[in-house]
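S.K.: sequence plus predicted model, see below.
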There are 2 protein chains.
Amino acid sequence: MKTKVAIQGIRGSFHHLVAQEYFHDGVDVHECLSFDKLVDSLLDKTCGMAVMAIENSIAGSIIPNYALIDANHLHIIGEHYINIHQNLMALKGQEIEDINEVYSHPMALLQTKEFFKKYPHIKLIEDADTAEVAQRIHEQQLDGVGAVASYAAAKMYDLEILGPEIQTIKNNATRFVIVQTKNSAIPEDEINKASLKFELDHKRGSLATILNVMSDCRMNLTKIQSLPIIETPWKYSFFVDVTFEKYSDFEKAKSVLEIMAEHFKVLGEYKNARL
Amino acid sequence: MKTKVAIQGIRGSFHHLVAQEYFHDGVDVHECLSFDKLVDSLLDKTCGMAVMAIENSIAGSIIPNYALIDANHLHIIGEHYINIHQNLMALKGQEIEDINEVYSHPMALLQTKEFFKKYPHIKLIEDADTAEVAQRIHEQQLDGVGAVASYAAAKMYDLEILGPEIQTIKNNATRFVIVQTKNSAIPEDEINKASLKFELDHKRGSLATILNVMSDCRMNLTKIQSLPIIETPWKYSFFVDVTFEKYSDFEKAKSVLEIMAEHFKVLGEYKNARL
């Protein structure tokens, strides 16, 4: 039996696209309308794996998703990048002047707000999923309503693209991670990236000391993000991604970090997808 | 003539509360329904200053607001922290069972989603501003509709609180910055915090080296955030906040960073509000 893969959104969403590219076309997806439901589907074993957006060029890290991975002890076993192309679409035979309301995911609206400045008559309304709006326009045959979604969604729900590639930043790479409840079984020689979390006191130089150790162990930082720990003033948690050439170097870094940092945790070990 | 202060949202919003606390009660606020409009009101000189949410405990940094400050060459001249208390409110005389739809800002819904899990009959709908929903319920006398907003909004728009303090995290500190188009005129001996931005190559140890220098210059890091630079693969920009005791130490750090980091920029020098 094939493993079911949970995606945020419905078929035609960007998560669906990532699932198809990462697991190839025959993937059996489970549509979830929130990241909470996506995690639930892993915990109750409806799904074996899930695809989750984790950062993009405009909004940075999606911290609530890091928190979900951390709190539910999920393991990152892979990553995948896609360039997000947003398109304005509506029922066929309409012009952009006929559109009064456009619905989409808040992130999609953020990515395309420059385009809509030219059309002040259009009201922008936030919705749960990009593709779901496209589906709704199709099923209810909604005149005057637009969706901002993927090319795949336009095709799937028979809509016409009135504005192609309307995202402000043309190379808008979004990073997704593949998560599961069990640790990965990737062979060590294929692992060259890891996501880490640790805590530090607010003491001058404490982060510099940790980064020196990582650098000594030949770790390259590809991402760092601090977050104050709410319950404990002056303590910070750090989410750090590192790439490395040799797994033995990473093992050494892990041993040192376990001693030097508090609550050190490996969120995942996987293959770097950005080469 | 008093300086007009731009806020995101309307009177009764959390930005309004911050403006009142920071500038004291007589502040003359200008209501803006987006952060873009808030920046516009500074650039066209409608307002002399603006209040802008910049990070919170749940979502981390609000990167699009950092980008607005950076791109429009605004200066951070102060900061202010408040604990966000979210309340469910509706027209008087209703029970929570009578409420079918609740509207609020996406961040407010994110902060209160645990509470609403107990009430699956309520549909959560994202809106532009917390207080504006409260105002709408009051003006249109909307039965069955709830808002998630501040206590001040409930009082201002004559609504009854059906759920007090419903945010999941009880000490949900949100950090706001005060920005203007001109550099600050704060005396040097009152400045003990700064927000910096710089770029680095993806080279092993490059960030560690910079942090070592900062530590040598007696800078304490209170926040760090990396962001890939879209147009330039393998380059990263960093947003860093530092606190310090002596302005002369900070001047030394600035001189070194100008040499060692690329595109080094001071986004603001101000007084630390978190003691």
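M.R.: Great, that's in hand.
S.K.: what's the host helix or strand of A:E251 packed up against?
M.R.: For A:E251, the host element (DSSP states H and E) is helix A:247-260. For helix A:247-260, the contact count by 3 or more C-beta pairs under 8 Å, 6 or more residues apart in numbering or on different chains; DSSP states H and E identifies strand A:193-201, helix A:206-216, strand A:262-270 as packing neighbours. To be clear about C-beta, it is placed using only N, CA and C from the backbone, and glycine gets the same treatment.
S.K.: that one vs helix A:206-216, what angle?
M.R.: 160 degrees (axes from the mean of the first three to the mean of the last three C-alpha atoms, to 10 degrees).
S.K.: list the buried residues in helix A:247-260.
M.R.: In terms of neighbour count (16 or more other C-beta atoms under 10 Å in any protein chain shown), helix A:247-260 has its buried residues at A:247, A:249-250, A:252-254, A:257.
S.K.: what's the lowest-mean-pLDDT helix or strand in chain A packed up against?
M.R.: With mean pLDDT, DSSP states H and E as the measure, the helix or strand of chain A carrying the lowest mean pLDDT is strand A:60-61 (a mean of 78). Here strand A:60-61 touches strand A:220-228, strand B:60-61, going by 3+ C-beta pairs under 8 Å, 6+ apart.
S.K.: ok, it: who's next to it in the sheet?
M.R.: Neighbouring strands of strand A:60-61 in its sheet, by DSSP bridges, are strand A:49-56 (antiparallel).
S.K.: could you chop chain A up by domain?
M.R.: Partitioning chain A according to automatic domain parsing yields domains covering residues A:4-84+A:172-180, A:87-163, A:193-268.
S.K.: now the ones you listed as a markdown table including distance to B:S195?
M.R.: Putting the domains of chain A into a markdown table (distance: least, C-beta to C-beta, whole Å) gives the following:
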| stretch | distance to B:S195 |
| --- | --- |
| domain A:4-84+A:172-180 | 15 |
| domain A:87-163 | 22 |
| domain A:193-268 | 13 |
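S.K.: quick one: closest of those to B:D44.
M.R.: Of all these, it is domain A:87-163 that lies closest to B:D44, at 15.2 Å by C-beta to C-beta.
S.K.: quick check: end-to-end length of that closest one?
M.R.: With C-alpha to C-alpha, to the nearest Å as the measure, the ends of domain A:87-163 fall 6 Å from one another.
S.K.: pLDDT of it, averaged?
M.R.: Mean per-residue pLDDT for domain A:87-163: 92.
S.K.: now swap in stretch A:172-192 and tell me
M.R.: Stretch A:172-192 carries an average pLDDT of 90.
S.K.: just the helices in chain A please.
M.R.: A:14-23, A:35-43, A:63-71, A:106-116, A:130-139, A:151-156, A:206-216, A:247-260 (DSSP state H).
S.K.: pull the CA atoms of the first one into PDB?
M.R.: Output of helix A:14-23 as PDB, limited to C-alpha atoms (Å, rounded to 0.1, in the frame of the first residue of the first chain):
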ATOM      1  CA  PHE A  14       1.500  24.700  -4.200                       C
ATOM      2  CA  HIS A  15       1.800  22.000  -1.600                       C
ATOM      3  CA  HIS A  16       0.300  19.600  -4.100                       C
ATOM      4  CA  LEU A  17       2.800  20.700  -6.700                       C
ATOM      5  CA  VAL A  18       5.700  20.000  -4.200                       C
ATOM      6  CA  ALA A  19       4.300  16.600  -3.400                       C
ATOM      7  CA  GLN A  20       4.100  15.700  -7.100                       C
ATOM      8  CA  GLU A  21       7.700  16.900  -7.700                       C
ATOM      9  CA  TYR A  22       9.200  15.300  -4.600                       C
ATOM     10  CA  PHE A  23       7.300  11.900  -4.600                       C
END
